[in-house]
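Asks: Fold the stuff below for me.
(one chain, ligands or ions: 1)
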Amino acid sequence: MRLVVIGATSAIAEHCCRLWAQRTACDMLLVARDASKAERVAQDLRVRSPASTVAVASLDFLDAAAIGRLAERAAASAPIDIVLIAHGSLPEQRMAEADLALCRSTVEVNAVSPALFAEAFAAQLARAGRGTLAIIGSVAGDRGRKANYIYGAAKGFIERYAEGLQHRFADSRVAIVLIKPGPTDTPMTATLKARGGRPASVEKVAQAIVRGIDAKRPLFYVPARWGPIMFVVRNLPRVVFNRLNI
Ligand SMILES: NC(=O)c1ccc[n+]([C@@H]2O[C@H](COP(=O)([O-])OP(=O)(O)OC[C@H]3O[C@@H](n4cnc5c(N)ncnc54)[C@H](OP(=O)(O)O)[C@@H]3O)[C@@H](O)[C@H]2O)c1
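Replies: Coordinates of the predicted model:
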């Protein structure tokens, strides 16, 4: 199985890679901004799955030309089965309100950069006529909330973007999968956990993600309970919603 994982140092992505490598020999390309951190993830995967081949690539996640070249190189030798786009960054909302540079980088890393990778790899999957492109969005993209609307707006963009890709590839063997996790126990939610929040286990979230990608589900929440919760959140009348401290 040929896999490309963008943002491979993410805890969620790393756990997905472990599951893939555990069940079959994989040919993996781990893509990250930090080569040495990605190499540590690669080393661990090689030990867990000696039959797998794990390579590492690093680049600037906003460099459109470099991203295009990476996708071409990755698809040159053989078709890619799965591309997982996993990177993201959740700053303190208040800090992103107060610091326009942080506001911009939050939108860039959570919206612009995933779109560049998705477009570059979609072109390669289109050329091969098959493959699955999975993107990690978030429940935060479902409705703008004062607690995280800068990050949330970028994740909302990901949902519209994935929807458009799904429309584009509807009559093909290219599958587009949008994953919407709720709070998950990774470095991203360290502050939430310190405040007493109880995020889902990253192992369980990764298992559900791998299952959803296997089934080529167009959109799913992990854990699944977030589906009905976000249905309610999306549909609350504004007059009620605006009174909530969320
Ligand atoms: N954890 C949650 O509660 C939760 C909930 C909903 C959605 N998500 C989404 O799930 C995905 C994975 O998150 P995670 O929880 O596994 O988080 P994580 O462990 O904190 O990983 C974040 C990843 O994003 C990368 N990244 C951050 N800023 C970057 C930048 N400017 N350029 C390039 N890469 C950058 C990090 O690279 P470095 O390792 O180099 O820092 C790391 O690979 C993200 O898209 C996140 O938004 C997470």
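
Asks: Rank the helices and strands of this protein by mean pLDDT and give me the bottom one.
Replies: The helix or strand of the chain with the poorest confidence is helix 190-194; it has a mean of 90 (mean pLDDT, DSSP states H and E).

Asks: Quick one: list the elements packing against it.
Replies: Using 3 or more CB pairs under 8 Å, 6 or more residues apart in numbering; DSSP states H and E, no helix or strand is in contact with helix 190-194. Bear in mind the C-beta positions are built from the backbone N, C-alpha and C, glycine included.

Asks: Return the set of buried residues in it.
Replies: Buried residues in helix 190-194, counting neighbours by 16 or more other CB atoms under 10 Å, are absent.

Asks: Any stretches of this structure with poor pLDDT?
Replies: Within the chain, no stretch has pLDDT under 70.

Asks: hey, where'd the strands end up in it?
Replies: Under the criterion DSSP state E, the chain contains strands at 2-6, 27-32, 53-58, 82-85, 131-136, 174-181, 219-222.

Asks: so can I have a markdown table of those showing distance to the ligand?
Replies: As requested, these are arranged in a markdown table below (distance: least, CB to the nearest ligand atom, whole Å):
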| stretch | distance to the ligand |
| --- | --- |
| strand 2-6 | 8 |
| strand 27-32 | 6 |
| strand 53-58 | 9 |
| strand 82-85 | 8 |
| strand 131-136 | 4 |
| strand 174-181 | 4 |
| strand 219-222 | 9 |
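
Asks: closest one to Arg94 among those?
Replies: strand 174-181 (22.9 Å; CB to CB).

Asks: Starting from the closest one, tell me which strands it pairs with and how they run.
Replies: strand 131-136 (parallel), strand 219-222 (parallel) (DSSP bridges).

Asks: ok, residues contacting it?
Replies: 12, 122, 125-126, 129-139, 141-142, 158-159, 162-163, 165-166, 169, 200, 205, 209, 212-213, 216-222, 226, 230 (CB atoms under 8 Å, 6 or more residues apart in numbering).
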